[in-house]
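Colleague: sequence and computational prediction follow.
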Amino acid sequence: MGQMSTQDLPAAPRSLAESLRARDDASLAALLRRRPDLITPVPTDLTQLATRAGTRASVVRALERLDRFTLQTAEALAVAGDPASYEELLGLMAGDTPDEAVVAALPDAVAALREQALVWGADDRLRLVRTARELLAPSPQHPSPTGLGPSVREATAGMSPGRIQEIVAAAGLPSTHDSVSAVTALTGLFRDRARMTALLAQAPADSLDVLERLVWGPPYGQVTAAPAARLRWLLDRGLLLPTAPGTVVLPREVALHLRAGRAHRDPEPVPPAVEPAVTHRPQVVDATAAGQAYTALATVEELLKEWDEGGPAVLRAGGLSVRDLKRTAVALDVSEPVAAFWVELAYATGLIASDGEADERYAATPAYDEWRERPAAERWATLAQAWLAATRTSGVVGGRDAKERTLSALGPGLDRSAAPEVRHRVLTLLAELPEGAAPDGETVLARLRWERPLRGAQTPQQDDDLRTRLARWTLSEAELLGVTGRGALSAHGRALLTTPDEAGPGEHAVAAAAAARLLAPLLPEPLDHVLLQADLTAVAPGPLHRPLAETLGVLADVESKGGATVYRFTPASVRRALDAGRTASDLHAFLAEHSRTPVPQPLAYLIDDVARRHGHLRVGAASAYVRCDDDTVLGEILADRRAATLRLRRLAPTVLAAEADPATLLEGLRAMGYAPAAESAEGDVLITRALAHRTPPRTAPAPVPEGPPVPDTTLLTAAIRAIRAGDLASTTPRKSTDSTTLAPGELPRTSSADTLATMQAAVLTGESLWIGYVNAEGAASQRVIAPVRVEGGFVTAYDHTADEVRTFPLHRITGVAELADG
């Protein structure tokens, strides 16, 4: 068998564009999926894709999504030669005594960098894209995480030739005729392990101490105008080089020798493991999580019940005031941060919103009424999915934004785009543990820091280590919501997880249905009875059916909550039920029907006593009046000094007039111990039922994405097809009418007559042409077409770029050129 000639071997790519051109569709799809900003909008060809992949914003975004070892690999390439061989990179990562874990992990790290177009070239010529090298290479303004300084060539760039020759001579090297060869010789010395070891063997011990302090960075140090002897020895031999007056630096080659060739002190090829802190039986975890899920539903319903007639006012800048948040926390019997979480969760689910009226207030939305009628497990799944996808983060409530303004619940500035990704990742890490295992929280945080090392300290003043705080909030919020139980992921919480980059609405709906099915058997069944006590209380030993709970909530006040809810009957609560249109007989019948114990005599007496006095006084609008068949009662009211603020006067033996409005008059008489009833203009008793206040239909707040969304398979296929077609049009060889070859990317320019004649000739010969085309939006593009018909100012042709037959207006064609032979 003959040997393959050098002409048969594929040429090494000379640029990132050529490297991308050599990729198959699957490799391009992987790149665009990892870096979706590259197809927003879709580039016209692969050259434009390569240009966009090298922009600073795109490279920074790509670097931020690298794990620690892959980032360490990129940092090592930034201090290696350009290009660098794989062997050189391996030496920088593993050192003179290679670590097996580093050796095993490095191919995957290089492949990840290649996949994301941060590195291109074959293994013998690896190149880091220029922008990434500029970002990661060491400089005085931006020290490298490797702790390495500039190379000898970079550090001696401004040094005089005479001084360079002095250093070469002091290092024991022969003098040279120019500075370039002198610097090359000095670099060769520092890279030669044997010669460098011999040179350092001559160094004084205190000089070696100086090198030891600088070896792992920072590599810069300060010196005086008259350096000490230990520093002078190093400066004379180039082991320290001056960079500015009073500043010296340890050259990169010297540091690498002292480090045994390693660019990093501690390479981290293996992600830290998430360790279980304690393990429970899965049944205990699921039961605990289900109990908390029921509590979550009850808390959200209680919140919306508090705001049923119209909640707190909206601040002028948007959001909930600190006072209203405190009141909500007291009403829910939780801390203010937890109250902020429940308020934000209801808002993210679309259950509350501002009503948009002149006196703007928060209130429940129509979606709340629909949500409340669904089965409990489905209601929980809706809350949990809204939490997973929400970018609004209640944990930052009470903090300050960039302008030092306080962040309020339901207000602006709470979106943290990384929140959905962090929540999903934390739960995924929990799902990888054995069932029932609760993780050690610190190991979860360590794993997240390894996976995204650059995300933690972008803006230390405002969001120091945001991902860590998001992870802590995720663990506590998952427990509050019932996704986890006793710190371990529950079965219904595990069912919620989908692949965030690929899941659509259909997959999310399937996951929610699966979670609801697993949760439903674990939730307590609603009860239709209570236990009445002789101390005017009722005990609900579990959740109650909604009609029973609503009626009991009017007739009695909630005294305590927990596994069992305790209601207390008071004269005010009984009067509230009578005001709502119930009669004493209705209340007796209701209690007898729903109590497993006999109605206690004190409770029956209380209802009868309040009912007997209820409505004895009637209040109407004059401004307001009071009438009573018993004129002695009215006399008592007039004589009572507490009635002075009502400004009452007698109009008739059984009628008093007041300057206060009816509502104020009712409250004043009730405060005096009477039980008045309001009446209409016709003299009928007004039944006062709380009218639920609802906002107009509102949509839940849309999450604020961190960047362009990950494209689906359909979009990827179409984008790659368009990019390749555009690249074909831009790189196809062609010729012009004057026999000069047009440069790639240059649009042809021909007159209308020449364009028409060339088109008509191509129809007869069946040849393909290259055209420049400007669409209705003014965007110019290049296309390769095979004309089929020319008539009426239009050309119908097969468009090789779009792979379809299209019709082009001739006036939008800038010019035409024949393709080059072959």
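Modeller: That came in fine, so what should we check first?
Colleague: now do the contacts for residue 584.
Modeller: Neighbouring residues of residue 584 by CB atoms under 8 Å, 6 or more residues apart in numbering: 578, 607, 608, 611. C-beta: built from backbone N, CA, C; applies to glycine.
Colleague: now the buried members of those residues.
Modeller: 578, 607, 611 (16 or more other CB atoms under 10 Å).
Colleague: dump those to a markdown table, plus secondary structure and distance to residue 465.
Modeller: Output for the buried ones among the contacts of residue 584, formatted as a markdown table (DSSP: H, G, I helix; E, B strand; the rest coil; distance: CB to CB, whole Å):
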| residue | secondary structure | distance to residue 465 |
| --- | --- | --- |
| 578 | helix | 58 |
| 607 | helix | 60 |
| 611 | helix | 63 |
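Colleague: possible to save these as JSON lines with pLDDT and distance to residue 160?
Modeller: Below are the buried ones among the contacts of residue 584 laid out as JSON lines (pLDDT from 0 to 100; distance: CB to CB, whole Å):
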{"residue": "578", "pLDDT": "86", "distance to residue 160": "102"}
{"residue": "607", "pLDDT": "89", "distance to residue 160": "105"}
{"residue": "611", "pLDDT": "86", "distance to residue 160": "107"}
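Colleague: next, give phi and psi for the closest residue to residue 793 other than its chain neighbours.
Modeller: Residue nearest to residue 793 in three dimensions, not counting chain neighbours: residue 810, with 5.3 Å by CB to CB, 6 or more residues apart in numbering. For residue 810, the backbone dihedrals (degrees, to the nearest 10) come out as phi -60, psi -30.
Colleague: hmm, residue 797 and residue 810 touching each other?
Modeller: No - checked against CB atoms under 8 Å, the pair residue 810 and residue 797 is beyond contact range at 11.3 Å.
Colleague: of those two, who's got more company?
Modeller: Taking residue 810 and residue 797 together and counting by other CB atoms under 10 Å, residue 797 has the greater number of neighbours (24 against 15).
Colleague: for the more buried one, list the residues it contacts.
Modeller: If you count contacts by CB under 8 Å, 6+ apart, residue 797 has them with 785, 786, 787, 788, 805, 806, 807, 808.
Colleague: doesn't the first one belong to a helix?
Modeller: Read it as residue 785. No - Residue 785 is assigned strand when assessed by DSSP: H, G, I helix; E, B strand; the rest coil, not a helix.
Colleague: just checking, it touches residue 796?
Modeller: No - if you go by CB under 8 Å, residue 785 and residue 796 don't touch, sitting 9.6 Å apart.
Colleague: and for the two, which residues touch both?
Modeller: Counting by CB under 8 Å, 6+ apart, the common neighbours of residue 785 and residue 796 are residue 806.
Colleague: which of those two has more residues huddled nearby?
Modeller: Using other CB under 10 Å as the criterion, residue 785 and residue 796 rank with residue 785 on top: 26 against 15.
Colleague: with adjacent residues omitted, what lies nearest to the more buried one?
Modeller: residue 797 (3.9 Å).
Colleague: mind listing what the host helix or strand of that neighbour pairs with, with the direction of each?
Modeller: Counting by DSSP states H and E, the element that carries residue 797 is strand 794-799. Take DSSP bridges as the rule and strand 794-799 pairs in its sheet with strand 780-791 (antiparallel), strand 804-809 (antiparallel).
Colleague: got a list of contacts for the shortest one?
Modeller: Contacts of strand 804-809 with the rest of the structure, by CB under 8 Å, 6+ apart, involve 771, 773, 785, 788, 793, 794, 795, 796, 797, 798, 799.
Colleague: and residue 818, that one's in a strand?
Modeller: Yes - counting by three-state DSSP, residue 818 falls inside a strand.
Colleague: which of the contacts of residue 797 has the largest number of neighbours?
Modeller: Counting neighbours by other CB under 10 Å, residue 785 leads these with 26 neighbours.
Colleague: so who does the residue nearest to residue 793 touch?
Modeller: Applying CB under 8 Å, 6+ apart, the residues contacting residue 810 are 752, 755, 756, 759, 790, 793, 794, 795.
Colleague: can we see that at 10 Å?
Modeller: If you count contacts by CB atoms under 10 Å, 6 or more residues apart in numbering, residue 810 has them with 752, 755, 756, 759, 790, 792, 793, 794, 795, 816.
Colleague: give me the number of residues near the fifth one?
Modeller: To tie it back to what came earlier, the one meant is residue 790. By the measure other CB under 10 Å, the count of residues near residue 790 is 20.
Colleague: report pLDDT for it.
Modeller: You'll see residue 790 listed with a pLDDT of 90.
Colleague: now the lengthiest helix in the chain: buried residues?
Modeller: Looking across the chain with DSSP state H, the single longest helix is helix 282-306. Neighbour counts over helix 282-306 (16+ other CB under 10 Å) mark 282, 285-286, 288-305 as buried.
Colleague: pLDDT of that helix, averaged?
Modeller: For helix 282-306, the mean per-residue pLDDT is 92.
Colleague: tell me the first helix or strand C-terminal of it.
Modeller: helix 322-332.
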